[in-house]
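S.K.: Would you be able to build a 3D model of this:
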Amino acid sequence: MSNELSPDRTSRRPADEEYAPFYGTYVSQVGDGDIIEILRADHGELIPFLNTIPEARRHHRYAAGKWSVQEVIGHMIDAETVFAYRALRFARGDATPLPGMDQDEFVAGADFDRRTLPSLIAQLDHLRAANLLAFENADDAVLDRGGEASGTHVTVRALLYIIAGHARHHQRVLREQYL
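M.R.: Next comes the predicted model:
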């Protein structure tokens, strides 16, 4: 779907004060440009990459106490869901403080290893597609909105960068540590 807004509607990077320092790792992994187009391009690379993971590796852990391949993908789903929910709330003008997320509790409670690898990949695929549709027409006024999540201020723009950087981080970890 084409966007009728100015092509540079989402090209401004989030300033340091738009997110907590601990998200800097993710934001720094995303280059300059239209964040929606970056998310779209990343989607076009991430899903095909995940589909190359051999079924025999789906429960692989590269070290004791580390998540399995499927748990990493499940964590990617959970994190994108939470970040997108925060972005949606703030985009709609709801600045209610939102709680944090304990990623280890989420993974432990999900039992991702009981699912199939294709079902997890399909869920992530659909989630990213839905998030692209939800935010593709956001202009700077919407992207500048923010609120409190995990005890710190964050903007919609920064959350979209965090979504992209978080997925890139875990894709790299999967390539380097698991496969």
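
S.K.: hey, let's count contacts and neighbours off CA atoms from now on
M.R.: Noted.

S.K.: Only the C-alpha atoms, please, for the lengthiest helix in the chain, written as PDB.
M.R.: For the chain, the helix with the greatest residue count under DSSP state H is helix 69-91. Extracted in PDB, the C-alpha atoms of helix 69-91 (Å, rounded to 0.1, in the frame of the first residue of the first chain):
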ATOM      1  CA  VAL A  69      16.100 -21.000  18.500                       C
ATOM      2  CA  GLN A  70      12.300 -21.200  18.900                       C
ATOM      3  CA  GLU A  71      12.400 -19.300  22.200                       C
ATOM      4  CA  VAL A  72      14.500 -16.500  20.500                       C
ATOM      5  CA  ILE A  73      11.800 -16.300  17.800                       C
ATOM      6  CA  GLY A  74       9.100 -16.300  20.400                       C
ATOM      7  CA  HIS A  75      10.800 -13.600  22.300                       C
ATOM      8  CA  MET A  76      11.000 -11.500  19.100                       C
ATOM      9  CA  ILE A  77       7.300 -11.900  18.800                       C
ATOM     10  CA  ASP A  78       6.600 -10.900  22.400                       C
ATOM     11  CA  ALA A  79       8.900  -7.900  22.300                       C
ATOM     12  CA  GLU A  80       7.500  -6.600  19.000                       C
ATOM     13  CA  THR A  81       4.000  -7.100  20.400                       C
ATOM     14  CA  VAL A  82       4.800  -5.100  23.500                       C
ATOM     15  CA  PHE A  83       6.700  -2.300  21.700                       C
ATOM     16  CA  ALA A  84       4.000  -2.000  19.100                       C
ATOM     17  CA  TYR A  85       1.300  -1.900  21.800                       C
ATOM     18  CA  ARG A  86       3.200   0.900  23.600                       C
ATOM     19  CA  ALA A  87       3.500   2.700  20.300                       C
ATOM     20  CA  LEU A  88      -0.200   2.300  19.600                       C
ATOM     21  CA  ARG A  89      -1.200   3.600  23.000                       C
ATOM     22  CA  PHE A  90       1.000   6.700  22.700                       C
ATOM     23  CA  ALA A  91       0.100   7.300  19.000                       C
END
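
S.K.: Can you point out the buried residues in the lowest-mean-pLDDT helix or strand in the chain?
M.R.: One helix or strand of the chain scores below all others by mean pLDDT, DSSP states H and E: helix 140-143, with a mean of 94. Applying a neighbour-count criterion of 16 or more other C-alpha atoms under 10 Å, one finds 142-143 buried in helix 140-143.
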